[in-house]
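1. quick one: sequence and predicted model below, then my questions.
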Amino acid sequence: MARAVTANRKMINTAIAWAVGLLIFFPILWTILTSFKTEAQAIASPPIFLGFDWTLENYSIVQERSDYMRFLWNSVIIAGGSTLLGIIIAVPAAWSMAFVPSKRTKDILLWMLSTKMLPAVGVLYPIYLLFINLGLLDSRFGLVMVIMLINLPIIVWMLYTYFREIPGEILEAARMDGATLKEEILYVLTPMAVPGIASTVLLNFILAWNEAFWTLNLTAVDAAPLTAFIASYSSPEGLFFAKLSAASTMAIAPILILGWFSQKQLVRGLTFGAVK
Amino acid sequence: MGRIQLKSVTKSFGDVQVIPPLDLTIEDGEFTVFVGPSGCGKSTLLRLIAGLEDITSGQIEIDGADATEVPPAKRGLAMVFQSYALYPHMSVRKNIAFPLRMAKLEQAEIDSRVEGAAQVLNLTDYLDRRPGQLSGGQRQRVAIGRAIVREPAAFLFDEPLSNLDAALRVGMRLEISELHKRLKTTMIYVTHDQVEAMTMADKIVVLQAGVIEQVGSPLELYHNPRNEFVAGFIGSPKMNFIKGDEAKKHGATTVGIRPEHCDVSKSEGLWKGVVGVSEHLGSDTFIHVHETGLADMLTVRVTGDISANHGDTIFISPQTDQLHRFDAQGLRMP
């Protein structure tokens, strides 16, 4: 029997859900609001919520002072490149783990995941030295490689989970029907795994876009993405709240828009297989 | 042509041997059913023939040619899976056409063969639907259609009806039998349901723990079971087994009598017992009898409807010419 929910209870639940949602969203909303204030209004006490003089001044100053498009382009290259490369490496890996598992497959998966438990700063020094010696500091290629490797365990895990949902009998049927391994992958497996691959790409792109630790530490000017763009506006004195907010808004806008349009796909992908 | 021969075939998973050396010949055009309890190795045997599993040792010949190392696609066999294993992203038409596309046939040839198969299987109206929009029975027919179009040397069925409801199962059982009569192609059919085995097979192979207990026609197995296991497995309801003094009277360790070979009376008979449950099927009544002192329970089958209530005393007389005698090893005595 379904649990009986009274109309009152439903309204309270809805109200609570909205409250929690707004609470979580508030910092982003505040950032966006602040980006339209003057610097004085931004630090006014008590804070002004909506009753301020809306201005686009911060955006034009930020754009004047630093080349937004260059940072944006670096972000696209780094997030897109690391995602593409990661998928190319992870698909065959997840494939073999899901369909031809060995005795050690579970151990390998756990071992891969364990690298995510290490604080990134723990390997900063060796990687920094590697970058210096290989001449990769402040290069997009170096960042693509590092961020791809950082996210690879997650990509393999996600793909592995999706592939595991594909019944082996369907692949066997393809084999009986005369499909070669290539045809089996091309005509049967990939089309069935498309939702899973798509949400993996999406999530990984978002993770790579937001990655700040490595992008801040391994870039200076040439390869600096939007995370570095935001950071350049934070000053310990805290006098540029409005400009920092404008920079942040500009940096998160592309990924927010991407996330908004793909949220259906993302939710479907992340709960794939959870509900039959 | 589709004559399949297994020569000393074995299969081990790690250290566990699931199929000890096994020899079997399936003649061209024969409907052979592998039957046995779950875990008896019947599906594994089918997968070995299909080539989906590698055999550990021995040889598989298809039409006289060694097929042991031949990949599944090249063996000329078609398989119908328990879960149907349809391609969910393709229409019915594309599902059925898939093996032909893989064989690089001309589009016109593919179309005509798909139309033909659809007609035979009553799928013409559903060709442009996806498998997800079909009922279980229709899906099973698509799976069969995908197998037919290839014109294989033999069809392999792996418990194809066990996902269907009872009424549909009986219908599909008939359809598959009719298909065999029409195509006259070798079919190997795996099931745990002895009724399916009895009704469909030309030849039944009874398996237990990877070992062939007996091979024969349905009636051969019914009338002359080689041992206690086959006697108990073939026939429904199950044969009654009686041990002890009553068996010794017949010079055996165990005697078996089928429920349909017992005469029942309310007043007199050889064995006396108390009615437990009677199952009325209309045409028949199955009476489960307790407290006979012979076995925990005896089942008898009475034609027509008989009033036997719980707790009634009842007398059973076995038809002595229908008694099966088994020795200490469980083997049938002449």
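-> Alright, I've got the coordinates.

2. mind showing which ranges of chain A have poor pLDDT?
-> A:1-5, A:235-239, A:266-276 (pLDDT under 70).

3. the stretch 201-334 of chain B now?
-> B:305.

4. would you list every one of the helices in it?
-> With DSSP state H, counting those that start in this stretch as the criterion, the stretch 201-334 of chain B has helices at B:218-223, B:228-233, B:245-249.

5. now do the domain split for the chain, please.
-> Just so you know, I chose chain A. A:7-59, A:66-232 (automatic domain parsing).

6. look at chain B instead
-> For chain B, automatic domain parsing gives the domain ranges B:4-231, B:237-326.

7. in JSON lines, list those domains along with mean neighbour count and distance to chain A.
-> Where you see a C-beta, it was placed from the backbone N, CA and C, and this is true even at glycine. Listed next are the domains of chain B as JSON lines, based on neighbours: other C-beta atoms under 10 Å in any protein chain shown; distance: least, C-beta to the nearest C-beta, whole Å:
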{"stretch": "domain B:4-231", "mean neighbour count": "19", "distance to chain A": "4"}
{"stretch": "domain B:237-326", "mean neighbour count": "16", "distance to chain A": "32"}
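
8. if we can go back for a sec, who wins for proximity to B:Thr56 among the helices of the stretch 201-334 of chain B?
-> The minimum distance between B:Thr56 and those falls on helix B:228-233, with 24.8 Å, by C-beta to C-beta.

9. residues in contact with the closest one: which ones?
-> Contacting residues not belonging to helix B:228-233 are listed as B:35-37, B:194, B:206, B:208, B:213-214, B:221, B:225, B:238-239, B:241, B:254, B:256, B:324, B:326, B:330, B:332 [C-beta atoms under 8 Å, 6 or more residues apart in numbering or on different chains].

10. likewise for stretch B:277-295?
-> Residues contacting stretch B:277-295 (C-beta under 8 Å, 6+ apart): B:237, B:240-244, B:246, B:259, B:264, B:271-276, B:296-306, B:308-310, B:314, B:316.

11. tell me which of those residues fall in strands.
-> Per DSSP state E, strands hold the following members of the contacts of stretch B:277-295: B:240-243, B:264, B:271-276, B:298-303, B:314, B:316.

12. which ones are touching the residue nearest to B:Asp263 when sequence neighbours are not counted?
-> Ranked by C-beta to C-beta, 6 or more residues apart in numbering or on different chains and with sequence neighbours excluded, the top spatial neighbour of B:Asp263 is B:Ser317, at 4.5 Å. If you count contacts by C-beta under 8 Å, 6+ apart, B:Ser317 has them with B:Cys262, B:Asp263, B:Val264, B:Ser265, B:Gly269, B:Leu270, B:Trp271.

13. the first one and B:Ile234: what is the separation?
-> In this view, B:Cys262 and B:Ile234 are 17 Å apart by C-beta to C-beta, to the nearest Å.

14. tell me which other helices or strands the lengthiest helix in chain A touches.
-> Ranked by residue count and defined by DSSP state H, the top helix of chain A is helix A:68-99. The contact analysis (3 or more C-beta pairs under 8 Å, 6 or more residues apart in numbering or on different chains; DSSP states H and E) places helix A:68-99 against helix A:105-114, helix A:140-164, helix A:190-210, helix A:226-231, helix A:241-261.

15. that helix vs helix A:140-164, what angle?
-> 40 degrees (axes from the mean of the first three to the mean of the last three C-alpha atoms, to 10 degrees).

16. got the angle for helix A:68-99 vs helix A:241-261?
-> 40 degrees.

17. separation between the closest residue to B:Gln319 other than its chain neighbours and B:Leu298?
-> Counting by C-beta to C-beta, 6+ apart, B:His261 is the residue found nearest to B:Gln319 once chain neighbours are left out, at 4.7 Å. From B:His261 over to B:Leu298 the distance is 12 Å, taken as C-beta to C-beta.

18. got the helices of the stretch 201-334 of chain B as CSV, with distance to A:Ala44 columns?
-> Below are the helices of the stretch 201-334 of chain B laid out as CSV (distance: least, C-beta to C-beta, whole Å):
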stretch, distance to A:Ala44
helix B:218-223, 93
helix B:228-233, 87
helix B:245-249, 102
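
19. without its sequence neighbours, what residue ends up closest to A:Met192?
-> Nearest to A:Met192 is A:Ile166, by C-beta to C-beta, 6+ apart, at 5.3 Å.
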